[in-house]
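Visitor: The amino acid sequence is not available; the structure is as follows:
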C-alpha cells in the first residue's frame, strides 16, 4: 500500500512539474513574440463604408534606425466585398517633413474567388507583408495616411485597416 502511495505522489509531482514547465515555455513564447512588435494599430472603417477621401491615420514613434523591420498592412473585409483586391494610397510623412506617396494593391482572394485571409463566418482578416526588411532612416514620428483608391465614392465591405511593424529576429 505504501508503494502505491509513493507512485501516486510521484505521478502528481511529475504532472505539476510538467505543467509548470509547459506554462513557462508558453508564456516565454508569447512574451518573446510580442516584444518584437513595435507598432500594431487598426482603424475601424465603419458600416457606412469607406469614403474616397477619408484617411486612416497612424502615428509611429521610431527610436531604432539601425534594425530592420517587417512592415504589414492589416485589412479586414466582410464576404460581401465585391472585389478580389484592394488598392489604396499610402502617404508617409517623415520626421523631417518629407512626404512619399505610394499606390498599393492588396490581394484578398485567389483567382477562383476564394478569400485568402483567415476567418470564418462573415469576416476575413488579411495580414499582408509589404516590406520584410524596412529600415527607418530617421528617428522621430512617422505619420502614415491610408485612403482607398478603388475609384468608388463609397467603398463597402472593408471593415478595418491597420499597420503592424515587427522587429526582424536576428
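Guide: Perfect, I can see it now. Everything quoted here is computed from the prediction, not taken from an experiment. Numbering: from 1, shown residues only.
Visitor: can you tell me how far residue 144 sits from residue 117?
Guide: For residue 144, the distance to residue 117 equals 21 Å [C-beta to C-beta, to the nearest Å]. Bear in mind the C-beta positions are built from the backbone N, C-alpha and C, glycine included.
Visitor: what does residue 37 give?
Guide: For residue 37, the distance to residue 117 equals 19 Å [C-beta to C-beta].
Visitor: Give the residue from those two that has the larger number of neighbours.
Guide: Neighbour tally, residue 37 and residue 117, criterion other C-beta atoms under 10 Å: the higher count belongs to residue 117, 17 against 13.
Visitor: Residue 164 pairs with what?
Guide: Beta-bridge pairing for residue 164 (DSSP bridges): residue 40, residue 72.
Visitor: meant to ask about residue 105, not that
Guide: residue 87.
Visitor: confidence score at residue 119?
Guide: Looking at residue 119, its pLDDT reads 91.
Visitor: Quick check: it touching residue 126?
Guide: No. If you go by C-beta atoms under 8 Å, residue 119 and residue 126 don't touch, sitting 9.1 Å apart.
Visitor: Those two: which is more packed in?
Guide: residue 126 (20 against 14).
Visitor: how far does the helix or strand containing the more buried one sit from the chain's center?
Guide: Assigned by DSSP states H and E, residue 126 belongs to strand 123-134. Computed by C-alpha atoms, centre = their mean, to the nearest Å, the chain-centroid distance of strand 123-134 equals 6 Å.
Visitor: I'd like to know the average pLDDT value across the first helix or strand past it going along the chain.
Guide: Next helix or strand after strand 123-134 toward the C-terminus (DSSP H and E): strand 140-148. The pLDDT scores in strand 140-148 average 98.
Visitor: how about strand 140-148: buried residues?
Guide: Neighbour counts using 16 or more other C-beta atoms under 10 Å place 142, 144, 145, 146, 147, 148 of strand 140-148 among the buried residues.
Visitor: Report the secondary structure element holding the residue nearest to the first one when sequence neighbours are not counted.
Guide: When you say that, I think you mean residue 142. Excluding the flanking residues, the one nearest residue 142 by C-beta to C-beta, 6 or more residues apart in numbering is residue 60, at 4.6 Å. Assigned by DSSP H and E, residue 60 belongs to strand 56-62.
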